[in-house]
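J.: Below: sequence and its predicted model.
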Amino acid sequence: MRKKIVAGNWKMNLEYSEGISLFSEIVNMVKDEKKGDQLAIICAPYIHLHSLAKLGGNAISIGAQNCHQKESGAYTGEISAKMIKSVGCEYVIIGHSERRQYFAESDELLAEKTVIALANGLTPLFCIGETLDERNNGSYFDVLKSQLVNGVFGLSNADFSKVVIAYEPVWAIGTGLTASSAQAQEVHAFIRKEIAAKYDTAIAEETSILYGGSCNPKNAAELFAQEDIDGGLIGGASLKSRDFLDIIKAFNS
């Protein structure tokens, strides 16, 4: 049975003491209030990872927001998957739309990052999504398929089975716009169908596919009730402990 997941992405927010304070609140709330087997993940800036991994215990898993595509070397300012794993992380976001847009990360580069993450025991949260123009001109299915084919469909069955897919419509990230539950379900069903065609039905049915695009406490329950939506990759709402916890609890609504 595929995992239900709520992953928070703090992006480039929170200095050290702020991050510790927020995370401590989230951990205590999760321990007190979470019901069910849904998995909670916080993907934080690098400065927080070691401390959060120690504080999280069994309540919350920790992920990074990016990694370099090489094992090690003369890449000043970069962080390797091996380094991320060494501080207690289990997950890493790969291919977030902001990395694609602002840092020109290609599908081919993201494929390399996925391979190196898996080789170092990290679970990739692999992001795909279309722009507003691509949504409006009707090319979004082709765009999403291309991102899957060039980004992760080169993996073996065994390796792909370790990947979590996150669908994040670029037009709904940080804009306040949200795909309707029907729009999100349509795309999630398409993604699962493409996975089944490339691999097999069993792998497709076991792959967790998250929605990321202005998911919040008000719309989470409706989104998570859809057949092919297995949780969320949460941006702004993960910076507020009550909002994040309420999204986690939306699985039980």
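T.: Noted; the coordinates are in hand. Residues are numbered from 1 along each chain as shown.
J.: From what I see, Gly174 and Ser214 are in contact.
T.: Yes - counting by Cβ atoms under 8 Å, Ser214 is a contact partner of Gly174 at 7.3 Å. C-beta here means a position set from N, CA and C on the backbone, and glycine is covered the same way.
J.: And the pLDDT at Lys35?
T.: Lys35 is assigned a predicted lDDT (pLDDT) of 88.
J.: just to revisit the earlier point, are there residues contacting both of Gly174 and Ser214? Which ones?
T.: Between them, Gly174 and Ser214 share these contacting residues under Cβ atoms under 8 Å, 6 or more residues apart in numbering: Gly235, Gly236.
J.: quick one, which of these two is more surrounded?
T.: Using other Cβ atoms under 10 Å, the more surrounded residue of Gly174 and Ser214 is Ser214, with 22 against 13.
J.: For the more buried one, which three-state class applies?
T.: Three-state assignment for Ser214 (DSSP: H, G, I helix; E, B strand; the rest coil): coil.
J.: Give me the spatial nearest neighbour of it, chain neighbours excluded.
T.: Leaving aside its sequence neighbours, Ser214 sits nearest to Thr178 (Cβ to Cβ, 6 or more residues apart in numbering; 4.5 Å).
J.: Tell me which residues touch the one you found, please.
T.: Contacts for Thr178 (Cβ under 8 Å, 6+ apart) come out as Ala172, Gly213, Ser214, Cys215, Asn216, Asn219.
J.: mind checking how far the residue lying farthest from the centre of the chain is from Gly231?
T.: Residue farthest from the centre of the chain, counting by Cα atoms, centre = their mean, is Ala74 at 28.3 Å. Noted for Ala74: a distance of 38 Å to Gly231, by Cβ to Cβ, to the nearest Å.
J.: gap between whichever strand or helix holds Ile247 and the chain center?
T.: Here Ile247 sits within helix 241-249, counting by DSSP states H and E. Centroid separation between helix 241-249 and its chain, computed with Cα atoms, centre = their mean, to the nearest Å, is 16 Å.
J.: now swap in stretch 24-33 and tell me
T.: The chain centroid and the centroid of stretch 24-33 are separated by 21 Å under Cα atoms, centre = their mean.
J.: same deal with stretch 55-70?
T.: Its chain's C-alpha centre and that of stretch 55-70 lie 11 Å apart, by Cα atoms, centre = their mean.
J.: Identify each buried residue in it, please.
T.: Within stretch 55-70, the residues scored as buried using 16 or more other Cβ atoms under 10 Å are Leu55, Gly56, Ile60, Ser61, Ile62, Gly63, Ala64, Gln65, Asn66, Cys67, His68, Gln69.
J.: With stretch 44-52 instead?
T.: Under 16+ other Cβ under 10 Å, the buried positions of stretch 44-52 are Ala44, Pro45, His48, Leu49, Ser51, Leu52.
J.: Good, we can wrap up now.
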